[in-house]
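Q: Predicted model and sequence follow; I will ask about them next.
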Amino acid sequence: MKRNILLLFIIALGYSFPSNAQYSWNNVGTGMNSPVRSLAVDTTNNILYAGGVFTQAGGLPAADIAKWDGSSWAPVGTGIISGASVTAMIMKGTDLIAAGTFTNIGGVLSKNIARWNGSTWAALGAGLDFPGTASINALAVYNNELYAGGFFSNSGGTPLNFIAKWDGANWLPVGNGTNGEVKALCVYNNELYAGGTFTDAGGVAVKNIARWSGAVWSDVGGGCDYTGATTVSTMKPFNSVLYVGGTFGTAGTTAVNNIAKWDGSTWSDVGGGTRYTGATTVSTMLNFNNALIVGGTFDSLGTSESNYIGAWDGTTWSSLGNGTNNSVLALESLGDTLYAGGLFTTSDALITPFISEWVPGESTAIITSMEDVQFPPVRVFPNPVHDHLFIKSNTEVVSNDSRYTFELYNLLGARIMMQKHVKEEIFFDRGLIKDGLYIYKILGENNDLIKQGKLSFK
């Protein structure tokens with residue numbers, strides 16, 4: 001039987017992953033034996049660093065910090081000797097800065113923050129401390145200087161209020177700091193933004209978020225608030241605006257659900273935000289393949305079901321497969337691979353203890369044709385699609401006894417729609433699907449692949 005087959009090449013659309021790649025979750029070696037709370041990448045040497053509260057990585061001893069070279073895990077020196085966890089990491093030049101709650105890392109006495117040069121650990125001055133238990137939650141490089149935010153009050157006796165700057169020799173105050181814990185730091189529009197749980201920054205009344213110009217603190221449009229416990233946990237610029245996530249119900253005077261965007265003067269909702277049956281929070285965000293990846297504790301993004309992780313393309317929310325089975329706390333990317341760390345032990349149905357990768361794989365070529373493909377005996381039309389699609393066999397309309405599952409994916413590989421028990425016609429909510437090219441799959445009653453191809457929406 002003659003068939004006219006054309007392979008779909010996505011690369012012409014400007015995406016960096018392979019043309020016939022479909023993203024899916026995969027394990028990272030055998031993972032960890034306890035949660036991963038922070039990730040960082042050394043792009044020069046193609047190394048992923050993972051920090052958390054674990055004692056093993058890939059079955060090998062690794063005290064709260066480990067590195068992945070793409071094929072195997074290894075410890076980073078001897079890791080934390082005295083302390084609880086690594087909760088924040090960042091590359092500064094060729095050095096890895098690791099922070100959290102510890103007093104000895106690699107045999108070096110250091111108060112909650114240290115530097116790894118690739119072979120040895122070194123303290124950063126007197127470190128950052130608190131009369132009780134200190135923690136460092138966030139790191140950022142602003143004007144080529146290292147900033148740290150967390151729960152601390154001093155460095156070697158020098159008063160510091162929850163945020164500090166490293167000048168290469170000493171930790172210095174940032175104005176008068178804040179009156180509560182800093183949980184996130186981010187550079188946007190040449191200013192340093194700090195988020196957390198505080199109501200004062202340098203004497204200025206704020207609500208859990210403030211910005212530092214290099215000289216003074218100022219409010220951010222009325223800040224982020226909630227009737228219960230409020231926190232700003234993560235921030236990331238995307239498409240020239242700043243996205244802010246955490247646990248809050250208003251941004252300025254705008255009602256939101258735990259995530260909002262700030263354009264420098266105005267707060268806006270982000271597609272309905274996030275929800276969960278219990279306490280909801282957005283913990284981490286990352287730019288990846290022209291989308292903002294969001295992780296945390298939630299089971300929906302906008303009107304889309306998304307288990308603890310999802311993607312925002314600037315208009316629409318979508319899921320990444322079936323997500324994970326528990327909270328995502330950290331995100332990073334290296335090349336064409338997205339890494340997620342957290343409290344989860346599975347991604348989709350795959351066992352991925354506390355760390356997973358969203359990776360492109362060479363899948364069965366997606367086939368389209370200038371005329372109907374004769375096998376399998378199902379065709380779809382019209383294409384381009386406006387708001388509905390018909391599924392028909394080559395001889396007759398699919399019978400009432402036939403039931404299919406229809407899935408729609410964007411070119412990132414994220415599923416944005418799934419409809420079960422389909423007979424012969426599907427209607428689309430065009431408020432959720434913007435113009436462009438998508439991939440569809442039709443699955444049979446036994447979840448076997450019946451047909452796949454491309455759909456253009458106009």
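A: Thanks, I have it.

Q: Tell me the confidence at the nearest residue to residue 23 once chain neighbours are set aside?
A: Nearest non-adjacent residue to residue 23, counting by CB to CB, 6 or more residues apart in numbering: residue 413, 2.9 Å away. All C-beta atoms are positioned from the backbone trio N, CA, C, and that covers glycine. At residue 413, the model reports a pLDDT of 73.

Q: what's the distance between residue 413 and residue 336?
A: 11 Å (CB to CB, to the nearest Å).

Q: The two: which has the busier surroundings?
A: More crowded of residue 413 and residue 336, by other CB atoms under 10 Å: residue 413, with 24 against 16.

Q: Mind checking what secondary structure that one has?
A: coil (DSSP: H, G, I helix; E, B strand; the rest coil).

Q: In the protein, which strand is the longest?
A: The single longest strand within the chain, with elements called by DSSP state E, is strand 80-92.

Q: Please state the offset of it from the chain centre?
A: 20 Å (CA atoms, centre = their mean, to the nearest Å).

Q: Any chance you could list what contacts it?
A: 37-43, 49, 51-53, 63-65, 96-107, 112, 135-141, 146, 148, 150 (CB atoms under 8 Å, 6 or more residues apart in numbering).

Q: what element comes up after that strand heading to the C-terminus?
A: strand 95-105 (DSSP states H and E).

Q: So for stretch 273-289, mean pLDDT?
A: Per-residue scores along stretch 273-289 average to 91.

Q: ends of it, how far apart?
A: 21 Å (CA to CA, to the nearest Å).

Q: and it, which residues are buried?
A: 273, 274, 276, 280, 281, 282, 283, 284, 285, 286, 288, 289 (16 or more other CB atoms under 10 Å).

Q: Centre of the chain to that stretch, how far?
A: Worked out by CA atoms, centre = their mean, stretch 273-289 lies 8 Å from the chain centre.

Q: Just the ones of the contacts of strand 80-92 in strands?
A: Checking the contacts of strand 80-92 against DSSP E, those in strands are 37-42, 49, 51-52, 65, 96-105, 135-141, 146, 148, 150.

Q: just to revisit the earlier point, PyMOL command to pick out the buried ones of the contacts of strand 80-92?
A: To isolate the buried subset of the contacts of strand 80-92 in PyMOL, counting by 16+ other CB under 10 Å, use the following:
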select buried, resi 37+38+39+40+41+42+49+51+52+53+63+64+65+96+97+98+99+100+101+102+103+104+105+106+112+135+136+137+138+139+140+141+146+148+150
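
Q: Just want the angle from the host helix or strand of residue 232 to strand 135-142.
A: Using DSSP H and E, the element containing residue 232 is strand 231-238. Computed by axes from the mean of the first three to the mean of the last three CA atoms, to 10 degrees, the angle separating strand 231-238 from strand 135-142 equals 30 degrees.

Q: In terms of secondary structure, what does strand 231-238 contact?
A: The contact analysis (3 or more CB pairs under 8 Å, 6 or more residues apart in numbering; DSSP states H and E) places strand 231-238 against strand 182-188, strand 191-196, strand 241-247, strand 281-288, strand 291-297.

Q: Assess the claim that residue 106 and residue 77 are in contact.
A: Yes. With contact defined as CB atoms under 8 Å, residue 106 counts as touching residue 77 (3.7 Å).

Q: which residues touch residue 317?
A: Counting by CB under 8 Å, 6+ apart, residue 317 touches 271, 272, 301, 302, 303, 304, 306, 310, 311, 416.

Q: ok, the strand holding residue 232: who's next to it in the sheet?
A: strand 241-247 (antiparallel) (DSSP bridges).

Q: can you give me the helices for the protein?
A: Ranges of helices within the chain: none, based on DSSP state H.

Q: Domain ranges for it, per the record?
A: 22-362, 373-457 (automatic domain parsing).

Q: By mean pLDDT, show me the worst of these.
A: That would be domain 373-457, which, of all the domains of the chain, carries the lowest mean pLDDT at a mean of 75.
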